[in-house]
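>>> Provide a 3D model corresponding to the input given below.
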Amino acid sequence: MDTSLIAWSALLFPLVVSGLQLAVPVMLAATGELFAERSGVLNIGIEGTCLLGALTGFLVAWSTGSLWAGMAAAALMGVVSNAFLAWMYVTVQASQVVVGIIFNLLAFASASYAYRLFMGGQAGVVQVELFQPVHWGALSELPVVGPLLFQQIGPFYLVAAFIVLSYFVLFHTAWGLSLRAVGENPRAAEASGIRVARMRYAAVLIGGGAAGLAGAYLVLGRVGIFRDNVVIGQGFIALAVVILGRWHPFKAALAALAFGMAEALPLLLQARGSTLPTQLLLSLPYLMTFIAISGLLGRANQPAALLKPHLRE
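Numbers count the residues shown, from 1 in each chain. Coordinates of the predicted model:
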């Protein structure tokens, strides 16, 4: 066999496995954001929501000893915090971009203060146990498929189920049809009896819960500690993933995987002694974010009413 093919295979397989592990929080946040944007709301506040979810998940898991309790609390924090955002977006009809940016700043300051308040002098040393991979017996030992699908932590499978369920709900249920109608033409939707405000509230809350879980997944499934910069732009990357995935759950999941692989590539190349500039490699996910939102990969047909408030007549 060609030695170059073997070398590429030796790099590509661990790249996909590592990329998938890194991509799951973005997949989760992006899938939740799909609901909001399909309803016509651009929720830039998912970056701050991820951070609040990370903090809540960490504190609850540390204080109770239950990782699953931390995940549940993070989801609840995401829903509660996004209830405020939904009120600002839908009822007050404030600028979605401005509100989202201010919320992110407030979330960063609040999370930093709350962490130091709760942890006191232990703030720099505390960590929690991580979720451990689920053992699937012989399935975990299968070549290629085993490490990719059957050596993952428990929440991974919940995220996969959420993506599949989101596709079914959005494209194969009357509720999903109503949600998409609200995002395309809210006046026509309201004329047909759909409660536009209620649908948008529900969509933002779903996205908030998913973003809160994404933050907790990052802390409890990958790093085990909380830091002010633990989210490091994952929420903003999720916004780009939604665009690159053309507002479709499966396509967004593939886009998130591409971002995860871009994040994993510098680590793998450095481990193999690459001489490429570290700064260039680390910038790959953010370069991809710029390309995704620039339209260089083709024009994205976003929901027609995205960013447009709806005034009842």
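>>> need the mean per-residue confidence for the strand or helix carrying Ile243.
Ile243 belongs to helix 234-244 when elements are defined using DSSP states H and E. For helix 234-244, mean pLDDT is 92.
>>> dump it to CSV, restricted to CA.
Output in CSV follows, covering the C-alpha atoms of helix 234-244 (Å, rounded to 0.1, in the frame of the first residue of the first chain):
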residue,chain,number,x,y,z
GLN,A,234,-18.0,28.4,21.3
GLY,A,235,-21.3,30.3,21.2
PHE,A,236,-20.2,32.6,18.4
ILE,A,237,-18.9,29.6,16.4
ALA,A,238,-22.3,27.9,16.9
LEU,A,239,-23.9,31.0,15.2
ALA,A,240,-21.6,30.4,12.2
VAL,A,241,-22.3,26.7,12.2
VAL,A,242,-26.1,27.5,11.8
ILE,A,243,-25.3,29.6,8.8
LEU,A,244,-22.9,27.0,7.3
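>>> centre of the chain versus that helix, how much separation?
Taking Cα atoms, centre = their mean, to the nearest Å, one finds helix 234-244 lying 8 Å from the centre of the chain it belongs to.
>>> what's it packed up against?
helix 3-38, helix 46-64, helix 196-218, helix 249-271, helix 284-294 (3 or more Cβ pairs under 8 Å, 6 or more residues apart in numbering; DSSP states H and E). In this view, the C-beta of every residue, glycine as well, is placed from N, C-alpha and C.
>>> just want the angle from that helix to helix 284-294.
Relative orientation of helix 234-244 and helix 284-294, computed by axes from the mean of the first three to the mean of the last three Cα atoms, to 10 degrees: 40 degrees.
>>> just the residues contacting helix 234-244, thanks.
When contacts are defined by Cβ atoms under 8 Å, 6 or more residues apart in numbering, helix 234-244 is touched by residues 25-27, 29-30, 33-34, 37, 42, 44, 46-51, 104, 211, 214-215, 218, 251-252, 255-256, 258-259, 285-286, 288-289, 292-293, 297, 300, 302.
>>> which residue is the nearest non-sequential neighbour of Phe103?
Nearest residue to Phe103, sequence neighbours excluded (Cβ to Cβ, 6 or more residues apart in numbering): Gly45, at 4.1 Å.
>>> quick check: that neighbour touching Val98?
No. When contacts are counted by Cβ atoms under 8 Å, Gly45 is not listed as touching Val98 (10.8 Å).
>>> number of nearby residues for Gly70?
Neighbour count of Gly70, defined by other Cβ atoms under 10 Å: 26.
>>> whoops, I mixed them up, Thr91
When neighbours are defined as other Cβ under 10 Å, Thr91 has 12 of them.
>>> next one: Phe118
Phe118: 15 neighbours (other Cβ under 10 Å).
>>> count of neighbours near Val99?
19.
>>> and it, what is it in contact with?
Going by Cβ under 8 Å, 6+ apart, the list of residues near Val99 reads 44-45, 85, 88-89.
>>> surely it forms part of a helix?
Yes. When classified by DSSP: H, G, I helix; E, B strand; the rest coil, Val99 is found to be part of a helix.
>>> any idea how far Ala86 is from it?
In this view, Val99 and Ala86 are 10 Å apart by Cβ to Cβ, to the nearest Å.
>>> let me know whether Val134 touches Leu149 as I believe.
No. Using Cβ under 8 Å, Val134 makes no contact with Leu149, being 10.6 Å away.
>>> of the two, which one has the most company?
Of the pair Val134 and Leu149, Leu149 is the one with more neighbours under other Cβ under 10 Å, namely 17 against 14.
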